[in-house]
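1. Provide a 3D model corresponding to the input given below.
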Amino acid sequence: MGKGIMIHLIEQDLETNLTLDLAKDLLEQNFNASNTVIVTVSTDYSSNVGQLLRHALSHGKEICDGFGIDVPYPDEIWDERYIGELIKVFDLYKYKLENKKILFVEAGVIRGSNYKYIQDFLCDNLGITEDVFFLALFENKNSNFKSDFVGDYYDNETQDLTFWWEEENNHWT
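-> Numbers count the residues shown, from 1 in each chain. Now for the predicted structure:
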């Protein structure tokens with residue numbers, strides 16, 4: 001952690017409450033299990049948020065459809081492995097996307113480069129340009145990508161976004 005950077009610890013209650021607040025906003029804007037598929041991005045960091053949203057958007061006793069994709073860490077790039085996985089996952093679940101809104105969900109958007117890559121991939125490779133939305137539980141105010149739904153903003157120049165369950169790993173040290 002650099003000089004002047006403070007840990008911005010996201011406690012479990014805040015993660016849960018902010019997710020439920022976003023779910024309420026989504027329901028008010030007619031996102032629900034009848035018309036939405038949730039794609040959890042960075043499943044190792046965002047699964048709690050994605051699963052809670054899937055249940056919160058239940059409609060007519062149906063849970064919201066969804067699946068997850070993994071994306072490069074900040075010290076990695078979109079290489080053959082990640083691109084190949086993205087192609088396979090969207091091919092596998094294309095049936096879930098028919099006539100549905102696609103809501104990408106990520107716990108923390110730092111640079112926004114993964115969301116931008118996904119947006120371009122959908123447009124360029126799958127021809128999907130409409131009914132695609134992006135949600136960030138926390139978004140860096142300096143992110144190059146601006147999500148459609150944001151729980152809260154933080155500043156990565158002064159704050160190190162850290163979730164209650166997080167352990168140090170090789171990609172962040």
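2. got the residue ranges for the strands in the chain?
-> With DSSP state E, the ranges of strands along the chain come out as 6-10, 36-41, 65-69, 101-109, 132-140, 149-154, 159-163.
3. gap between the lengthiest helix in the chain and the chain center?
-> For the chain, the helix that runs over the most residues, judged by DSSP state H, is helix 12-28. Centroid displacement of helix 12-28 relative to its chain, using C-alpha atoms, centre = their mean, to the nearest Å, is 14 Å.
4. any weak-confidence spans in this protein?
-> By pLDDT under 70, the weakly predicted segments of the chain are 1-3, 168-173.
5. now with 90, please.
-> The chain contains residues with pLDDT under 90 at 1-12, 14, 44-45, 73-75, 126, 156, 159-173.
6. can you pull up the most central residue in it?
-> In the chain, the residue lying closest to the centroid (C-alpha atoms, centre = their mean) is residue 106, at 1.9 Å.
7. that one contacts residue 44, correct?
-> No - Residue 106 is beyond contact range of residue 44, at 11.2 Å (criterion: C-beta atoms under 8 Å). From N, CA and C alone the C-beta is placed, and that goes for glycine too.
8. excluding its backbone neighbours, what's nearest the residue nearest to the centre of the chain?
-> Of all residues not flanking residue 106 in the chain, residue 41 sits nearest, at 4.4 Å (C-beta to C-beta, 6 or more residues apart in numbering).
9. any idea what the one you found is bridged to?
-> residue 69 (DSSP bridges).
10. pretty sure it sits against residue 67.
-> No - contact between residue 41 and residue 67 fails when scored by C-beta under 8 Å: they sit 10.7 Å apart.
11. same drill for the two, tell me which one is more crowded.
-> residue 41 (23 against 16; other C-beta atoms under 10 Å).
12. which residues does that one contact?
-> Counting by C-beta atoms under 8 Å, 6 or more residues apart in numbering, residue 41 touches 68, 69, 71, 104, 105, 106, 114, 115, 118.
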